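Student: okay, sequence plus prediction incoming.
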Amino acid sequence: MAFDINMIKGVYAQMQQRVDSARTIVGRPLTYSEKILYAHLYNGNPAVAYTRGESYVDFRPDRVAMQDATAQMALLQFIQAGKLKTAVPSTVHCDHLIQAKVGAKTDLQEAISKSSEVFNFLESVSNKYGIGFWKPGAGIIHQVVLENYAFPGGMMIGTDSHTPNAGGLGMVAIGVGGADAVDVMAGMAWELKMPKLIGVKLIGKLSGWASPKDVILEVAGRLTVKGGTGAIVEYFGEGAESLSATGKGTICNMGAEIGATTSIFAYDDASERYLRATDRHDVAEAANQMKAYLRSDEEVYTNPEAYYDQLIEINLSELEPRLNGPFTPDLMTPVSKMKETAAANGWPLEVEWGLIGSCTNSSYEDLSRAASIAQQAIDKGLGTKASFGINPGSEVVRYTADRDGLLKTFEELNAVIFTNACGPCIGQWDREGADKEEKNTIVHSFNRNFKKRADGNPNTYAFVTSPEMVAAIAIAGRLDFNPLTDKLVNKNGEEVMLDAPKGDELPTKGYAFEDNGYQAPVEDGSIVDVIVNSNSERLQLLEGFKPWNGQNITGAKLLIKAFGKCTTDHISMAGPWLRFRGHLDNIANNTLIGAVNAFNQDVNKVKNQITGEYGTVPDTARAYKAANIPSIIVGDENYGEGSSREHAAMQPRHLGSVAVLVRSFARIHETNLKKQGMLALTFADKADYDKIKEDDTINFLDLTEFAPEKPLKLEFVHTDGTKDIILANHTYNSQQIEWFKAGSALNLIKAGKA
Ligand code: SF4
């Protein structure tokens, strides 16, 4: 079963009661996302009003979605939790490990044979623990979630940053790390700082070449890549109600590019149409009974300034197409300004590739609007000057688009149809000649355009735009082509113009498919064996970390004193290391290899105190571990910023580190360290960072009295015989101290004590 209507009805029943109580407790009307948040409190009925941007709140999301790259470690940890089934409905989607090269058929087979071990593992774990499994080729996680699972008023987490796509159908959907997914699947609380709220009022109506993508490109231009941090972006207004559900999904999806916690639209007629078109009439009917709860209270709409922390207004009637880039998604250029802007910046004008796809823009509506441009080109005697590629968002979209002739139209224009998967959006693109690193331009309908992201070439200038603009630019072959004003010369030497795109919000003959790629788990998971080859280099079953022995830790060695910025990328790099995400011991070979050693300003070169020689961080850590010597990491400000990647906490733990002592932590990483049984400590006096010496031996003096709000005393013994006693603060509550004592939060879950 794709979704559980009884679960949704249950959510709605408790939503009514909880929202009514929350309104009384908060003492004012509520916005839509506040209603969803208060309806999903872990402890049930709201008891206090939470302060946005300050209070940490425990939530109980309705479901979990995981993609194949992140699901590996999430599920390896879930196996450790010792549960029979996931506590909430969960799904795995095989979409990231499929390369685009020559076309769907060949590429998909190639990916299946290359990553069969990982796919088989994900399939068997899904089967065992009651998790829905979407096979390779079924589609991109967020499109599949929108088609099958997203529902208005719901709350979900996903192990992927574009999980907010489901906000297009009125869900609070948030991207998280695998450890968070494990907590929710194990039935534990999921903590989030009560987000701030940014209101975006949409007035007017899109027309001509303007599309939902241009709304979010405009928002990104205004707010920049950090502007949404810690906030939910709520869209409303007459303009919001004029957009399709998948168009709203596009806007919410790319909210990740402004750092927003998530983005959301209220339930409306377009949501109902989409639910019915995707064969979820019962969800639509249940939502119709709840309409007043599936939107903000009316006072919020009439006086939004009073309810949002920040308010923006965009007039859709005035919007023209935009291209954001290169190298960052917030560098926004309206199409009418591209000629002068590109010339002024020296951006290569000749476009080599136009790519349509990604979870952002691969819906039926997207393909139909782009196909209308392709059809015009065929009818008007034009061809494509750039290469052209399409990744449909899901098998349902692909099958339907094929039935309706859209794919044939693209193919007539020499487009390659790649697999229903992420493909070039995540760098899974075997682009011919990319290794020559030549300066070139591509346009795509994806969400991110950082250097090297699509093809690994740092000199590829990638611009993000709408699918219809990608089609027009692939035809014209020029970055500065403005289809609203510019003519093209056809095969007969005549000047022609492209008319504005036309498309169908939903397929007029309905969605169709033969095999949507879904595989339900077996009823009795106990009969399923999860097989991991002990010689595998990509997968490794986890062993629980050892519990604390109850003694003060003594004789620890300094592994590294990291200098300056040390993000989760410095601690556990991505890129080529992605393939080891399911193998803790192998990926641990990248531990802290990007961190700068404060004593020599080198990366990945630290002193091994046993030999006195310098070596890599992983080798040095392994040497200490082999000698039964615990190690300690010292860091600077905001240590562990970046992603919620749990590998950055698991790897040092695996290599024998027991504590991370820093000037300050990025909060998610601090929590991840706690979950993995590490001591996450901060200098009570930040100046003490300077007292740490390269050859220090460290003794904990009062770990045996570890208690909430009581700093710990650490003795740093220097080689000249002098000592410094350093006071270390921590934020462990009594439950988290139990995680430390048990060796990890997972060990406690396993013991049934969490
Ligand atoms: Fe992430 Fe791109 Fe895949 Fe979307 S299509 S989930 S952005 S890799």
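Tutor: Perfect, I can see it now.

Student: which element is whichever residue of the stretch 451-600 of the chain sits closest to the ligand on?
Tutor: Nearest residue of the stretch 451-600 of the chain to the ligand (CB to the nearest ligand atom) works out as R453 at 9.0 Å. Quick note: C-beta positions are derived from backbone N, CA and C, even for glycine. Using DSSP states H and E, R453 sits in no helix or strand.

Student: can you give me the helices for the stretch 551-700 of the chain?
Tutor: Counting by DSSP state H, counting those that start in this stretch, the segments of the stretch 551-700 of the chain that form helices are 568-571, 584-587, 617-626, 647-654, 667-675.

Student: using neighbour counts, pick out the buried residues of the longest one.
Tutor: To tie it back to what came earlier, the one meant is helix 617-626. For helix 617-626, the neighbour count (16 or more other CB atoms under 10 Å) marks 617-618, 620-624 as buried.

Student: please apply the same query to stretch 683-702.
Tutor: Within stretch 683-702, the residues that count as buried by 16+ other CB under 10 Å are 683, 688-689, 692-694, 696-700.

Student: and the two most separated of the residues you listed?
Tutor: E694 and F700 (19.9 Å; CB to CB).

Student: and N440, how many neighbours does it have?
Tutor: The burial count assigned to N440 is 20, neighbours taken as other CB atoms under 10 Å.

Student: now do the residue of the stretch 451-600 of the chain closest to the ligand against A462, distance only.
Tutor: 7 Å (CB to CB, to the nearest Å).

Student: before we move on, what about K625?
Tutor: Look at K625 and A462: by CB to CB, they are 42 Å apart.

Student: in the stretch 201-350 of the chain, which residue sits nearest the ligand?
Tutor: For the stretch 201-350 of the chain, CB to the nearest ligand atom, closest residue to the ligand: N253, 7.4 Å.

Student: quick revisit: contact partners for the closest residue to the residue of the stretch 451-600 of the chain closest to the ligand other than its chain neighbours?
Tutor: Excluding the flanking residues, the one nearest R453 by CB to CB, 6 or more residues apart in numbering is G427, at 5.9 Å. Neighbouring residues of G427 by CB atoms under 8 Å, 6 or more residues apart in numbering: 452-456.

Student: go on, D724?
Tutor: 688, 691, 715-716, 718.

Student: rerun at 6 Å
Tutor: 691, 716 (CB atoms under 6 Å, 6 or more residues apart in numbering).

Student: walk me through the domains of the protein.
Tutor: Domain segmentation of the chain under automatic domain parsing yields 5-317, 321-496, 556-750.

Student: reformat those as TSV; add mean pLDDT.
Tutor: Converted to TSV, the domains of the chain look like this (pLDDT from 0 to 100):
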stretch	mean pLDDT
domain 5-317	97
domain 321-496	97
domain 556-750	96
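
Student: now the ones you listed as TSV including distance to K509?
Tutor: Listed next are the domains of the chain as TSV, based on distance: least, CB to CB, whole Å:
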stretch	distance to K509
domain 5-317	11
domain 321-496	7
domain 556-750	40
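
Student: surely G167 meets A266?
Tutor: No - between G167 and A266 there is no contact under CB atoms under 6 Å: 10.2 Å.

Student: those two: which is more packed in?
Tutor: A direct count of neighbours by other CB under 10 Å for G167 and A266 places G167 higher, at 29 against 23.

Student: give me the nearest residue to that one, chain neighbours excluded.
Tutor: C252 (3.4 Å).

Student: could you count how many residues lie near the one you found?
Tutor: 32.

Student: next: K205.
Tutor: 15.

Student: one more: the one 5 residues further on?
Tutor: By other CB under 10 Å, the residues close to A210 number 26.

Student: which helix or strand contains T341?
Tutor: According to DSSP H and E, T341 maps onto helix 338-345.

Student: what comes up buried for that helix?
Tutor: Result for helix 338-345 [16+ other CB under 10 Å]: buried residues 338-339, 341-342.

Student: and what of stretch 659-677?
Tutor: Buried residues in stretch 659-677, counted by 16+ other CB under 10 Å: 659-666, 668-677.

Student: mind listing what the residue nearest to V634 when sequence neighbours are not counted touches?
Tutor: The shortest distance from V634 to any residue other than its chain neighbours is 4.3 Å, reached at K561 (CB to CB, 6+ apart). K561 makes contact with 598, 634, 692, according to CB under 6 Å, 6+ apart.

Student: among these, which are in strands?
Tutor: V634 (DSSP state E).

Student: mind putting the contacts of K561 into TSV with distance to I312?
Tutor: TSV is the format used below for the contacts of K561 (distance: CB to CB, whole Å):
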residue	distance to I312
A598	42
V634	42
I692	46
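
Student: and which of the contacts of K561 is nearest N733?
Tutor: Distances from N733 to these, taken as CB to CB, are shortest for V634 (24.2 Å).

Student: contacting residues for that closest one?
Tutor: Shown in contact with V634 (CB under 6 Å, 6+ apart): 561, 661, 692.

Student: could you give the bridge partners of it?
Tutor: On the basis of DSSP bridges, V634 is bridged to K561, L661.

Student: and it, how far from V662?
Tutor: In terms of CB to CB, V634 sits 7 Å off from V662.

Student: one more: P304?
Tutor: For P304, the distance to V662 (CB to CB) stands at 40 Å.

Student: shouldn't E299 be within a strand?
Tutor: No - counting by DSSP: H, G, I helix; E, B strand; the rest coil, E299 is located in no strand; its state is helix.

Student: leaving out chain neighbours, which residue sits closest to it?
Tutor: P29 (4.1 Å).

Student: thinking the one you found is in contact with Y301, fair?
Tutor: No - counting by CB under 6 Å, P29 stays clear of Y301, with 9.5 Å between them.

Student: center of the protein, which residue is that?
Tutor: S161 (1.1 Å; CA atoms, centre = their mean).

Student: for G247, give me its contacts.
Tutor: Contact analysis of G247 by CB under 6 Å, 6+ apart lists P212.

Student: equivalent analysis for G103, please.
Tutor: V416.

Student: re earlier: the residue of the stretch 201-350 of the chain closest to the ligand sits in which helix or strand?
Tutor: Going by DSSP H and E, N253 is in helix 245-253.

Student: output that helix as PDB - backbone C-alpha positions only.
Tutor: Listed next in PDB are the C-alpha coordinates belonging to helix 245-253 (Å, rounded to 0.1, in the frame of the first residue of the first chain):
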ATOM      1  CA  ALA A 245       0.900  21.400  -6.700                       C
ATOM      2  CA  THR A 246       4.100  20.400  -8.500                       C
ATOM      3  CA  GLY A 247       4.900  24.000  -9.200                       C
ATOM      4  CA  LYS A 248       4.700  24.700  -5.500                       C
ATOM      5  CA  GLY A 249       6.900  21.600  -5.000                       C
ATOM      6  CA  THR A 250       9.500  23.300  -7.200                       C
ATOM      7  CA  ILE A 251       9.400  26.400  -5.000                       C
ATOM      8  CA  CYS A 252       9.600  24.500  -1.700                       C
ATOM      9  CA  ASN A 253      12.300  22.200  -3.000                       C
END
